[in-house]
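Trainee: using only what follows, build the 3D model:
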Amino acid sequence: MPLVVAAFFSVVFWGNYLRKRVVEARKPPLPGGRKRPKKDLWRHGHRVIGAFVGIVNLLYVFLIVVAFDIFDCSEREDGKWYMDQYPEHECKTGLQAELAPWALLCLFVYGVGIPVGFLCVLLTKKNRARIVRDQEHVRLRLKQKRGENVEYEFHNRWNGIYKMFEPEYCWWCAVILARKFAISFVSIMFNANPMFQASLGLLVIFVAFAAQMVRAQQRTRSDVRTN
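Mentor: As a prediction, the model looks like this:
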């Protein structure tokens, strides 16, 4: 699914690039015969990246649930274990044996890779300074325009994953994804034991809630500006 989304946004990016090339070719040259900056042809890429990041963040739970479903098995009357999503297939053999490596790869690349990727972007010294400047610009309710916000391009790329939190807690989106991962794991892998599943699920929710109350400084709705 993310590959399909990436392919779609690649088409959007290159389509806009070609459109700009055609439009720029029809414009008269700048005074003195100077060429127009080539970077203008790529500027829309920041918004494309931002949209892609938002879609991947939205699809996160769906991706890991689909991967966990491969390992979801239940015991039948004949004493054998069968896949819940594909009841005609026995566990540990056949279809599950074929899909298990791909499911593990999906869990590693998407389940672990997406939060780690966000952390790698947000926790660098340079980007944390950018986040501080961008959120100060938003707090002052200034316009989001190129030339007015020095971090305009960074804002377009990554604002969707840090705008709800104070700069020192910009990485809290990774904690939220970890909570979603844990809840998905508990809800699927322990459905054979409802009482244990409910207890473990409540534990995950309680720990996440306590962490939210103790550490996360979530910005108020009035401070968040949707762009």
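
Trainee: neighbouring contacts of the helix or strand of the chain with the lowest mean pLDDT?
Mentor: Least confident helix or strand, the chain: helix 2-26 with a mean of 75, by mean pLDDT, DSSP states H and E. For helix 2-26, the surrounding residues in contact (C-beta atoms under 8 Å, 6 or more residues apart in numbering) are 36, 40-42, 44-45, 48, 51-52, 55-56, 59, 63, 110. Quick note: C-beta positions are derived from backbone N, CA and C, even for glycine.

Trainee: one more time with 7 Å, if that's ok
Mentor: R36, L41, H44, G45, V48, A51, F52, I55, V56, L59, Y110 (C-beta atoms under 7 Å, 6 or more residues apart in numbering).

Trainee: which of those residues are buried? Put it as a ChimeraX command.
Mentor: To isolate the buried members of the contacts of helix 2-26 in ChimeraX, using 16 or more other C-beta atoms under 10 Å:
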select :41,44,45,48,51,52,55,56,59,110
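
Trainee: off-centre distance for the least confident helix or strand of the chain?
Mentor: On the basis of C-alpha atoms, centre = their mean, to the nearest Å, helix 2-26 sits 22 Å off its chain's mean C-alpha point.

Trainee: and the host helix or strand of V186, what does it pack onto?
Mentor: Assessed by DSSP states H and E, V186 sits inside helix 172-189. Using 3 or more C-beta pairs under 7 Å, 6 or more residues apart in numbering; DSSP states H and E as the contact test, the elements touching helix 172-189 are helix 45-69, helix 113-122, helix 194-214.

Trainee: between these, which one is nearest to C170?
Mentor: helix 113-122 (5.0 Å; C-beta to C-beta).

Trainee: buried set for the very next helix or strand once past that closest one?
Mentor: Helices and strands here follow DSSP H and E; after helix 113-122, the next one along the chain is helix 125-139. For helix 125-139, burial by neighbour count (16+ other C-beta under 10 Å) applies to N127, R130, I131, D134, Q135, H137, V138.

Trainee: list the contacts for the third one?
Mentor: Shown in contact with I131 (C-beta under 7 Å, 6+ apart): Y162, P167, C170.

Trainee: how close does the residue lying closest to L123 once chain neighbours are set aside get to E153?
Mentor: Distance criterion C-beta to C-beta, 6 or more residues apart in numbering; nearest residue to L123, sequence neighbours excluded, is W171 at 5.9 Å. W171 is 21 Å from E153, where distance means C-beta to C-beta, to the nearest Å.

Trainee: in the chain, where is pLDDT below threshold?
Mentor: 1-2, 24-40, 216-227 (pLDDT under 70).

Trainee: need the contact list for the residue minimising distance to the centre of it.
Mentor: Nearest to the mean C-alpha position of the chain, by C-alpha atoms, centre = their mean, lies N57 at 2.5 Å. Contact analysis of N57 by C-beta under 7 Å, 6+ apart lists G160, I161.

Trainee: ramachandran coordinates for the residue nearest to L123?
Mentor: phi -80, psi 0 (degrees, to the nearest 10).

Trainee: okay, now it: neighbour count?
Mentor: W171 is flanked by 18 other residues according to other C-beta atoms under 10 Å.
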